[in-house]
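Chemist: Got a predicted structure plus its sequence, pasted below:
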Amino acid sequence: MTGPALGLLGIIVLLLAMFALRVPASFIMAIVGFIGIVFASSWKSAMTLLGTDLWATFSGYGFTVIPMFILLGEFIFHAGLSDRLYRAAHIWFGHWRGGVAVSTVMACSGFSAICGSNTATAATMTAVAIPSMKKYKYHPCLMGGAVAAGSTLGVMIPPSIVLVVYGLYTGQSISKLFFGTLIPGLVLTVLMMLTILAICTRHPEWGPKGEQTTWSQKIRALPEVLDILILFAAIMIALLSGVVTATEAAAASSFLGLILCLIRRKLPWKKFKAAVEDTLRISCMVFMIVAGATIFGRFMALTRLPSESAQWIGGLALPSWVVLVLMLVCYAIGGCIMDALAFLLISLPIFFELVKQMGYDPVWFGVVITLITTMGAITPPVAICCFIVSGMSKDISIGQVYKGSMYFLPAYIITLILLMLIPAYMVLMLANLVR
């Protein structure tokens, strides 16, 4: 069997195993990749390559960005600052028709600015926002859809764990990726809010108005979001200045987050311990996915499937935009059927080389595929954010969450179209400011 044929067989076995076995994607990638290396070379070579590649991947300080940003989000969550963020948004927007759902998206956006994980955002905002929307008798579809869709902002607003992994895996600047996704994340947030207002215009009974608040109450609520603004500003200013690296900025922001929580006396020892334990659990999960993808990526490199695929597609003389659209379709389908980060790392060895050959900017491409695969978090059959919302809210069925989430898909599509039509203004304008 030739090298590329062996690589294609490995991909088929990988996908079948992911569907058929109840085993984490990271282990399946590692096992299939290791066995593939044995077939492509030898057992001795597989053991040598395994140790060398994994050491080369994890011995650098760059990967400390991941646990540091996760730790920051866990500090904020366990200190209850996410509750204060939601209360402030509710005071400002809760009196609108659908305003509590708008407040939920705003709170998701703010929490995402210091969390970086859509699943953590989904769990947090389900616990915080769903009871309030139930109080005002919101429709289950709007409740579930607003929280599930809003939680996907966790990977579209920096610091994003997916973008960190993409940057480390492809050698791109994490700072550029963070600034490049600022405008798309803001655009997606605004479009989600407009979606809620449009839903409530057509179905007024879905989102009844909350209590009217005074300007005095609104002004007094602003200090509630001061902590989040300080943390987000500290991260972005530090990265933009070029004085610190992404790793140093992550460590400094985690320390600053800890200090703020301690000053407010919101992080007793029990919650501190829980934050550290959750950070270890989530970080290990991410690292295992990266390790599995590293092994599988080495297998792909040995089979020469990525390079020969790029040469084959280049020989078809198709316009580059057609090839790009085909790749994005693959990412959209892949994001629907498996974990977004796992699929991203499986596909990058094949597609990233082709993207560079076609002349597309790697930072822009990273933002685009992050948006595309993130849609999978609210798109059946996997839709992990929908499962979290439904699982934590027993009286909201998974079908209702699915239905509510579908209303927000146009927001993603419009954001994607803008990314394709005006990449310079959507991504590169801010990304190129980074030194």
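Modeler: Cool, got the structure.
Chemist: Can you list phi and psi of residue 194 for me?
Modeler: As for residue 194, its main-chain torsions (degrees, to the nearest 10) stand at phi -70, psi -30.
Chemist: how far away is residue 302 from residue 164?
Modeler: In this view, residue 302 and residue 164 are 27 Å apart by Cβ to Cβ, to the nearest Å. C-beta: built from backbone N, CA, C; applies to glycine.
Chemist: Compare the two (neighbour count), which wins?
Modeler: For the pair residue 302 and residue 164, the greater number of neighbours falls to residue 164 (26 against 20), based on other Cβ atoms under 10 Å.
Chemist: and the more buried one, what helix or strand is that in?
Modeler: Counting by DSSP states H and E, the element that carries residue 164 is helix 161-170.
Chemist: Any buried residues in the helix or strand just after that helix, and which?
Modeler: Heading C-terminal from helix 161-170, the first helix or strand you meet, by DSSP H and E, is helix 174-180. Within helix 174-180, the residues that count as buried by 16 or more other Cβ atoms under 10 Å are 174, 175, 176, 177, 178, 179, 180.
Chemist: if I pick the first one, what's in contact with it?
Modeler: Applying Cβ atoms under 8 Å, 6 or more residues apart in numbering, we find residue 174 in contact with 65, 163, 164, 167, 168, 246.
Chemist: where does the last one land on pLDDT?
Modeler: Pointing back at residue 246 there. We have a pLDDT of 76 for residue 246.
Chemist: What spatial separation is found between the residue nearest to it when sequence neighbours are not counted and residue 344?
Modeler: The shortest distance from residue 246 to any non-neighbouring residue, by Cβ to Cβ, 6 or more residues apart in numbering, is to residue 174 (4.0 Å). Note on residue 174: its distance to residue 344, by Cβ to Cβ, is 15 Å.
Chemist: element containing the nearest residue to residue 124 once chain neighbours are set aside, please.
Modeler: Leaving aside its chain neighbours, residue 124 sits nearest to residue 82 (5.1 Å; criterion: Cβ to Cβ, 6+ apart). For residue 82, the host element (DSSP H and E) is helix 81-93.
Chemist: so after that helix, what's the next helix or strand?
Modeler: Past helix 81-93, the next helix or strand by DSSP H and E is helix 99-115.
Chemist: averaged over its residues, what pLDDT does that next one have?
Modeler: Helix 99-115 shows a mean pLDDT of 81.
Chemist: CA atoms only: put the next helix or strand after it into PDB for me.
Modeler: Next helix or strand after helix 99-115 toward the C-terminus (DSSP H and E): helix 118-135. Extracted C-alpha coordinates of helix 118-135, given in PDB (Å, rounded to 0.1, in the frame of the first residue of the first chain):
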ATOM      1  CA  ASN A 118     -17.500  27.600  25.100                       C
ATOM      2  CA  THR A 119     -18.300  24.700  27.400                       C
ATOM      3  CA  ALA A 120     -17.400  26.600  30.600                       C
ATOM      4  CA  THR A 121     -19.400  29.600  29.300                       C
ATOM      5  CA  ALA A 122     -22.400  27.300  28.600                       C
ATOM      6  CA  ALA A 123     -22.300  25.700  32.100                       C
ATOM      7  CA  THR A 124     -21.900  29.100  33.800                       C
ATOM      8  CA  MET A 125     -24.600  31.000  31.900                       C
ATOM      9  CA  THR A 126     -27.100  28.100  32.200                       C
ATOM     10  CA  ALA A 127     -26.800  28.300  35.900                       C
ATOM     11  CA  VAL A 128     -26.900  32.100  36.000                       C
ATOM     12  CA  ALA A 129     -29.400  33.100  33.300                       C
ATOM     13  CA  ILE A 130     -31.900  30.300  32.800                       C
ATOM     14  CA  PRO A 131     -33.600  30.800  36.300                       C
ATOM     15  CA  SER A 132     -34.000  34.500  35.500                       C
ATOM     16  CA  MET A 133     -35.600  33.900  32.100                       C
ATOM     17  CA  LYS A 134     -37.900  31.300  33.700                       C
ATOM     18  CA  LYS A 135     -39.000  33.900  36.200                       C
END
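Chemist: if I look at residue 12, how far off is residue 179?
Modeler: Residue 12 is 38 Å from residue 179, where distance means Cβ to Cβ.
Chemist: ok, now how distant is the residue nearest the centre of the chain from residue 109?
Modeler: With distances taken as Cα atoms, centre = their mean, residue 155 lies nearest the centre of the chain, 2.5 Å away. As for residue 155, its distance to residue 109 is 12 Å (criterion: Cβ to Cβ).
Chemist: about what we covered before: my guess is the residue nearest to the centre of the chain contacts residue 374, does it?
Modeler: Yes - using Cβ atoms under 8 Å, residue 155 is in contact with residue 374, at 5.3 Å.
Chemist: right, and the helix or strand after the worst-scoring helix or strand of the chain on mean pLDDT?
Modeler: Across the helices and strands of the chain, mean pLDDT, DSSP states H and E gives its lowest value to helix 305-315, namely a mean of 68. Next helix or strand after helix 305-315 toward the C-terminus (DSSP H and E): helix 320-337.
Chemist: Mind listing residues that contact that next one?
Modeler: Contacts for helix 320-337 (Cβ under 8 Å, 6+ apart): 19, 313, 343-344, 346-347, 351, 354-355, 358-360, 368-369, 372-377, 379-383, 416.
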